[in-house]
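J.: Prediction below, plus the sequence it came from.
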Amino acid sequence: MATAGTTDTGAIDPIGALANSARDRGLWLHVDAAWGGALLLSQKYRDRLEGLERADSVTLDFHKHFFQTISCGAFLLRDTAHFDLMRTHADYLNPVEDDRDGFPNLVAKSLQTTRRFDALKLWMSLRSIGTTRYAELIDQAIDLANAVAKRIEESSSFELVSRSQLSSVLFRVHRPLCGADWDALHSHLAQILLDRGIANLGVTRSAGRIALKMTLLNSRTILADIDILLATIDMLADVYLMELG
């Protein structure tokens, strides 16, 4: 199995090399591209998915970088004949008369048997803005994440934890020679930002320590907005540390 975009760091495995290894060993290669699969539309970053076309199966979550509401996902197979492996016959679900009479039976299209038409919103988005505009939105988000990571690297107030290959950035507040409980500090910062309606930052762990995570998907967000957010976090961290004495 390969991953095209881990949830926290946005890391992408070398899919081409893993495809070679799977082929040489006669193994099935599945690629979890739930987060990073949207790079297929990108003109600047799609090379990060080199080898994806050689996967035996791929998962995509369109409610991530395709900007759809939950839920909207897909499971893709290179050889469609393998979909037959999930077929089962039950007289009450798919009577032979349906096939004989040409009645469309959607039960054979999903393991869930009954489901909403989640593909409709993706179809409408593609029809409305097209793949070119989609690519621009994806590239814009990743470009912004790269710019934010550079801002954090250049700041003495913050520490960059992980530079993502997608549009998320992991970072921590940096205060040298301070004996504060850093996990408590970062949890406090995320909560107060949420409570005040300023931002919704993720809280995760890297190397055993809590870090904050920005996921940048709103096409209206610009670097100036992030500069204001970082300044706010910097100020809130100072207030928290002062209150600790």
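T.: That came in fine, so what should we check first?

J.: Quick check on the nearest residue to Trp35 once chain neighbours are set aside: phi, psi?
T.: Leaving aside its sequence neighbours, Trp35 sits nearest to Gly5 (CB to CB, 6 or more residues apart in numbering; 3.3 Å). Just so you know, the C-beta spots here come from the backbone N, C-alpha and C atoms, and that holds for glycine as well. The phi/psi pair for Gly5 (degrees, to the nearest 10) reads phi 110, psi 90.

J.: And for the one 10 residues further on?
T.: Summarising the backbone geometry of Ile15 under the convention degrees, to the nearest 10, its torsions are phi -60, psi -40.

J.: again with Asp225
T.: phi -60, psi -40.

J.: burial of it, as a residue count?
T.: Asp225: 14 surrounding residues under other CB atoms under 10 Å.

J.: Distance check, it against His82.
T.: Between Asp225 and His82 the distance, using CB to CB, to the nearest Å, works out to 45 Å.

J.: What of Leu41?
T.: For Leu41 relative to His82 (CB to CB), the value is 25 Å.

J.: Between those two, tell me which one has more neighbours.
T.: Taking neighbours as other CB under 10 Å, Leu41 and His82 compare with Leu41 leading, 21 against 12.

J.: Need the pLDDT of the closest residue to that one other than its chain neighbours.
T.: Closest residue to Leu41 apart from its sequence neighbours, by CB to CB, 6+ apart: Ala135 at 4.5 Å. On pLDDT, Ala135 comes in at 93.

J.: Repeat that for Leu177.
T.: pLDDT at Leu177 comes out at 58.

J.: and if you look at Arg151?
T.: pLDDT at Arg151 comes out at 96.

J.: ok, and Glu171, which helix or strand is that part of?
T.: Slight slip there: residue 171 is Phe, not Glu. Assigning secondary structure by DSSP states H and E places Phe171 in strand 168-173.

J.: Packing partners of that strand?
T.: The contact analysis (3 or more CB pairs under 8 Å, 6 or more residues apart in numbering; DSSP states H and E) places strand 168-173 against helix 119-154, strand 158-163, helix 182-195, strand 202-206, strand 209-215, helix 223-244.

J.: Adjacent strands (with direction) for that strand?
T.: Here strand 168-173 is paired, per DSSP bridges, with strand 158-163 (antiparallel), strand 209-215 (antiparallel).

J.: That one relative to strand 202-206, how many degrees between them?
T.: 80 degrees (axes from the mean of the first three to the mean of the last three CA atoms, to 10 degrees).

J.: contacting residues around strand 168-173?
T.: Residues from elsewhere that reach strand 168-173 (CB atoms under 8 Å, 6 or more residues apart in numbering): 8-10, 145, 148-149, 152, 157-164, 182, 185-186, 189, 202, 204, 206, 209-216, 233-234, 237.
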